[in-house]
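Colleague: task: produce atomic coordinates for the following.
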Amino acid sequence: MLRAEIIRTYNKYHDDLQYCPIYVKQSIEDIYKQYHALKGNGVGTKLYEEIMALPTEKKEDLQHE
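Modeller: From the prediction side, this is the model:
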């Protein structure tokens, strides 16, 4: 279940939206800690790292600053 949530989040924010709000990053960090404690594999780690590397705002929002 934890792995599935990491994958779902990755698909939504990395593939579709290409940004990830801070509140989602905080949530996925908690999920990842549980996943990692259960000896989750490297695929989940890679997806987690890519989620965390995303900007926290849409590109359009960043251009208006």
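Colleague: and residue 19, backbone torsions?
Modeller: Here is the backbone geometry of residue 19 (degrees, to the nearest 10): phi -160, psi 160.
Colleague: same thing with residue 12?
Modeller: Main-chain torsions, residue 12, degrees, to the nearest 10: phi -70, psi -50.
Colleague: count residues in the vicinity of it, would you?
Modeller: For residue 12, the count of nearby residues is 13 (other CB atoms under 10 Å). No exception for glycine: its C-beta is placed from N, CA and C like everyone else's.
Colleague: repeat that for residue 20.
Modeller: Neighbour count for residue 20, taken as other CB under 10 Å: 22.
Colleague: could I get the pLDDT score of residue 61?
Modeller: We have a pLDDT of 63 for residue 61.
Colleague: when you give positions from now on, start the count at 817
Modeller: Will do, 817 is the new start, and the previous item becomes residue 877.
Colleague: okay, now the unreliable bits of this structure?
Modeller: Low-confidence regions of the chain, defined by pLDDT under 70, span residues 877-881.
Colleague: again, 90 this time
Modeller: 855-858, 874-881 (pLDDT under 90).
Colleague: remind me, longest helix of the protein?
Modeller: helix 838-853 (DSSP state H).
Colleague: run through who's touching that one.
Modeller: In this structure, residues lying in contact with helix 838-853 by CB atoms under 8 Å, 6 or more residues apart in numbering are 818-819, 821-822, 825, 829, 836, 860-861, 864, 867-868, 872.
Colleague: how about those in a markdown table, adding distance to residue 853 and secondary structure?
Modeller: Below are the contacts of helix 838-853 laid out as a markdown table (distance: CB to CB, whole Å; DSSP: H, G, I helix; E, B strand; the rest coil):
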| residue | distance to residue 853 | secondary structure |
| --- | --- | --- |
| 818 | 10 | helix |
| 819 | 13 | helix |
| 821 | 15 | helix |
| 822 | 14 | helix |
| 825 | 18 | helix |
| 829 | 23 | helix |
| 836 | 22 | coil |
| 860 | 12 | helix |
| 861 | 13 | helix |
| 864 | 13 | helix |
| 867 | 18 | helix |
| 868 | 17 | helix |
| 872 | 26 | coil |
